[in-house]
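S.K.: here is my input, please return the structure:
(chains A and B)
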Amino acid sequence: MRLRRLQIENFRGVKSLDWKHVADTTALVGPGDSGKSTILDAIERVLSPKWNVAFDDTDFWDLYTDAPIVIRATIIDLAPTFYRDSKFGLLLHGFDATNGEAIRASGDEGEEHALVVELRVDATLEPVWSVIDADGEKHALMARDREALGMLRIGGFVDQHLGWSKGSVLTRLTNGGDAVGSVLAEATRQARSGLKTEGLEKLAAAAQKVEALGKNLGVAPRNTLVPHLDASSLSMAAGALSLHDGKVPVRRAGLGTRRLLAVAMQREAAAQSGLTIIDEFEHGLEPHRIRRLLRVLCQRAPEGDDMSKGQLILTTHSPTVLHEMDAAEVAVTRRAPDGTVTVRNLPAAVDYVLRRTPQALLARKVIVGEGATEVGLCQALDEAWTAETGASFGYLGVVVVDGLGGTQPAEVSGHLASLGYEVALLIDSDAKSKVNKAVGTQVLAWPQGLCTEQCLANDLPETAISQMAFVADERGGRSVREALADQLAATRASLKEGDPASWINVKGVEAFRKAFGIVAKKKNQAWFKTRDQGAFLGRLVAQHWSAILNTPTHDVVGKLRAFAHG
Amino acid sequence: MGNAVVEAMLGSPRSFAVAAAGCGKTELLTKLVADQRSGRQLVLTHTHAGVAAIKKRLVDMRVPHAKFHLDTIAGWCLRYGAAYPAISGYRPGAESDPDWAATYPGAEKVCRTALGKRIVCESYNGVLVDEYQDCSMKQHALVRALADCIPCRGVGDPLQTIFGFRDDPVVPWATIKSDFEIVDDALTEPWRWRRDGRNAALGEWLVSARKQLESTGRLVIADDAPVTWVQHDVTVEAPESWAATCRNVIAQTNETVVAILKWPNKCKDLAKRLGGRWPIVERFDDPDLLRLGVKLVDADGPAVVEALVEFVSERMTAMGTALKTAVDAIKAGRGITRITKNRDHASRLSALASAPTPTNALVWLEGVLAHKNDWWLYRRDCVFQLREALRHCTADTFVELPDMVAAARTRARHRGRLTHRRSIGTPLLVKGLEFDHAVLHWEPDHLSAQGLYVALTRASKSLTILSKSRTLVPEQDRKAR
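M.R.: Numbers count the residues shown, from 1 in each chain, chains lettered A, B, ... in the order given. Have a look, this model is predicted:
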């Protein structure tokens, strides 16, 4: 069974949702309160094997009980028994993979078949499960049939599945689960027969007293009154029997271990076709366990591993989890103020973000820098602003992403904006060709097509310029001096080695600023094209912040700060 | 029944057992369904009565429900066709009157798709078709589609083929022979006649009669045959003597008796001669009743009275004549004040004429039906269906009547036939019904060999045959068998 489409109306924080193209593995990410958990709750309820699920008024959107809760799941890859005409064989739809919708079945070879399952709850709070046929007619869907769908939710509380309680995975794994009842009944009997009553003189004396009192009023017991274990208070529910590691119940093991065990059992119980939904996938798991578990669950297991089928939908806040995913496996949830929730899959173009900066997808705001320089610059500025205000990017939910130059920064920022993130794009030039794909993005560009180094060389005070020259000398050596001298139209000898401070005076500071900016931009002179050097520049900007008022640098960096801290 | 037949049937995925009447056909079906090897079987038959009979036997034999799904071919096809209208090209219209011509090909189309095959394969391990000789060509085509997915078995008797369909002919025996592996003479032991209190000798004689019919195409009633032969020449003797024979038979017993003759009009004639005490076994789909329902919708008061009285009097002795004066008076717009005979009925008719409502029609009809001794209802089914339909009408006009008639007819079809102590019917209508005693009126060349065989095998205790000669020569079946 695979879920391919999920529709929700009026459930909790979701006024409406139509999520098509649900992938075989999906990691739901999105800011808090964007509906991730509600989506998992909805899937759990519509496919729940329980014969009844409790609903109350708070499950209705905005507590408005006049509009029913409707959760509709379109599922494919149905179990063979579902094709019986006494089950759902005559209620099937075809499935249009392109549009992600159920359509009328054509009956043709190779056609995919879908079943539409609906859970509806109206003001009576009575949940009604049904299967909807192609004519929109509803047919009852029994708990027994829902159980065959093999849905399991691994939430924060998995202990139930580690015991032989009703509906637990362990019970499903047990052939002939009825044995549990007789084992427990026998255990109760043995507890009664094992009780030694000899040591209970004080209790026995009280019993004798009661017997005497009774006789006074004409109550004659058939035997003698004695203390003994009461079978009714001993009676054990099925959950009393649970997995133990030696003498220690497994529920005492670490959370990660328990979750892993529960997942492993579910894979086995659901055999080929289960849907596993997991809250906070990383919860309680070390990174290497996260990777192993994902490999097993996401069908990336080595060949021959039969635990490789089924569908997995999880929520996560962990870059480690995202790092293991393909873009197509990550979906971003957003909730509009009117309660409309959207789930969008990541476009392939953002795949590298997932590889390099997975945390960006967990952020609220993203700054896409042109390249390494800009990323370093932002990081240094963040340090400075954190020292000043106490609020770091981490605290503010801001992540900086390397745009890798060219048209890519604009493209990525456009995609991220369309997924609902607030995005700022920090680039050299706002030329149309570079930013036309950055739809919905705040574009922060240095004026007149200047690059970062140029703009800074223009605007920073003289002391800062000599610091920059110093770094250039250190990193570039002779080729730097020669290139600068050529640019200044001075003799190469006039730029003395090891004394960059003096270079400024060769043709005056304004000429040097200009020449330095031009040379810094050249491909073979990329002194500042690393994250570290970018950070160096950022520190300079922060250091001289009050001295560069009314400069383009102040303007752009000021806007950047307003974006991050706003 | 020996297990050899069961083995032979299960041994082939396309087997067909030829089963003579009363020789354990239902028993065989039940055994095939109950067998461990057969899995879950789809059991299809033609009529609701057939479904009920097989169901009863399966329940009596404690065959688990999971072992079978039992339905009429029509009902099953309707389900499959309606489930996938885009494939079947068929949408059920009014439930009461499905378009059968489109139903079978529609279901066949569904069953020929990849999806349909998958559904059939997951749902059943095989299909068993009862009374195969009554399958139409379209039904046969459907069974062949099913046979592409699952083993397909049939039971039937070429000598009992008498159903006919206007635009969908019965599947020829030659086609069955080429499509199935025939287990010949699978069921020839006359079990029905061997039970306690039945006429075992008659059973044995029927086995030999069947052989005679098959090999010579005629039947000679020997002097020592265990049947009562009454010489009766229709060209010489009055029809009254025919009725007298029936009265003689009924006078000697309090068990069920059926009189069988070929022509529906002669059935009516006989019913009248017998004073209406012998109801006629009627078709479930009598078009007269549907026509009446439609007619009353737009009719004015006097027209309602006339149509209603005419319809009922065609099914009742004497009533039409008795109420003729009243009907004439109402038609002419005169009052009925001067009518004294049958005054109650006349005044109810008058009320109906002035206020033509289903309620008033029902009041009159129930009054007439409650009135005994002066007249008798001999064609009951349609009148009872009319009464039921009138009871279900809620409006003040007859606008709902056509739908209610159709619904009543569907319910009647599901209930099956009620067997009266005395019945009159044609072989077509008494087919599948069982009686204790039968009186067959043979007129030369009137029945086919199949009709004759069906008529001969209706009674399990005694058989009376009226004919001119001891040699019965059936009408030649022009279709080559």
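
S.K.: export stretch A:141-151 to CSV, keeping only CA atoms.
M.R.: Taking Å, rounded to 0.1, in the frame of the first residue of the first chain, the C-alpha atoms of stretch A:141-151 are listed here in CSV:
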residue,chain,number,x,y,z
LEU,A,141,-14.6,0.2,5.4
MET,A,142,-14.1,-2.1,8.3
ALA,A,143,-11.3,-1.9,10.9
ARG,A,144,-10.3,-5.4,9.7
ASP,A,145,-9.7,-4.1,6.2
ARG,A,146,-7.9,-1.0,7.4
GLU,A,147,-5.6,-3.2,9.4
ALA,A,148,-4.6,-5.0,6.2
LEU,A,149,-3.3,-1.6,4.9
GLY,A,150,-0.4,-2.0,7.4
MET,A,151,-0.1,1.6,8.6
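
S.K.: so it, near chain B or not?
M.R.: No. Stretch A:141-151 lies out of reach of chain B by C-beta under 8 Å from any C-beta of the partner chain, never closer than 13.2 Å. (Glycine included, C-beta is placed from N, CA and C.)

S.K.: buried residues in that stretch?
M.R.: A:141, A:145, A:146, A:147, A:148, A:149, A:150, A:151 (16 or more other C-beta atoms under 10 Å in any protein chain shown).

S.K.: so which of those belong to helices?
M.R.: Using DSSP state H, the members of those that fall in helices are A:145, A:146, A:147, A:148.

S.K.: now do the last one against residue A:180, distance only.
M.R.: Counting by C-beta to C-beta, to the nearest Å, the gap between residue A:148 and residue A:180 amounts to 21 Å.

S.K.: what about the longest helix in chain B?
M.R.: The residue-count maximum for a helix in chain B (DSSP H) belongs to helix B:200-216.

S.K.: right, and the helix or strand after that helix?
M.R.: Later in the chain than helix B:200-216, the nearest helix or strand by DSSP states H and E is strand B:219-220.

S.K.: quick one on the thing from earlier: report the two of the buried residues of stretch A:141-151 separated the most.
M.R.: A:141 and A:150 (14.6 Å; C-beta to C-beta).

S.K.: so which elements touch the longest helix of chain B?
M.R.: helix B:191-194, strand B:219-220, helix B:449-456, strand B:459-467 (3 or more C-beta pairs under 8 Å, 6 or more residues apart in numbering or on different chains; DSSP states H and E).

S.K.: and the shortest one, which strands flank it?
M.R.: For strand B:219-220, sheet partners with direction are given as strand B:471-472 (antiparallel), following DSSP bridges.

S.K.: in chain A, which residue sits nearest chain B?
M.R.: With C-beta to the nearest C-beta, the shortest gap between chain A and chain B falls at residue A:107, namely 2.8 Å.

S.K.: related to what we said a few turns ago, centre of the chain versus the longest helix of chain B, how much separation?
M.R.: 24 Å (C-alpha atoms, centre = their mean, to the nearest Å).

S.K.: mean confidence score for that helix?
M.R.: Mean pLDDT, computed over helix B:200-216, is 88.

S.K.: equivalent analysis for stretch B:429-439, please.
M.R.: On average, stretch B:429-439 scores 85.

S.K.: rewinding a little: and the longest helix of chain B, which residues are buried?
M.R.: Buried, per 16+ other C-beta under 10 Å, within helix B:200-216: B:202, B:203, B:205, B:206, B:207, B:209, B:210, B:213.

S.K.: how much does it deviate in direction from helix B:449-456?
M.R.: 180 degrees (axes from the mean of the first three to the mean of the last three C-alpha atoms, to 10 degrees).

S.K.: and helix B:200-216 with strand B:459-467, angle?
M.R.: 50 degrees.

S.K.: look up how far chain A lies from residue B:210.
M.R.: 38 Å (C-beta to the nearest C-beta, to the nearest Å).

S.K.: what about the nearest residue to that residue once chain neighbours are set aside, how many neighbours?
M.R.: With C-beta to C-beta, 6 or more residues apart in numbering or on different chains as the criterion, residue B:210 has its nearest non-adjacent residue at 5.8 Å, and that residue is residue B:20. By the criterion of other C-beta atoms under 10 Å in any protein chain shown, residue B:20 has 22 neighbours.

S.K.: so where is the chain shaky, pLDDT-wise?
M.R.: Just going to use chain A. In the predicted model, chain A carries pLDDT under 70 at residues A:156, A:167, A:176-178, A:234-239, A:270-273, A:298-309, A:430.

S.K.: nope, chain B
M.R.: B:1-2, B:92-99, B:163-166, B:444-446, B:476-481.

S.K.: which residue is nearest the middle of it?
M.R.: residue B:429 (4.3 Å; C-alpha atoms, centre = their mean).
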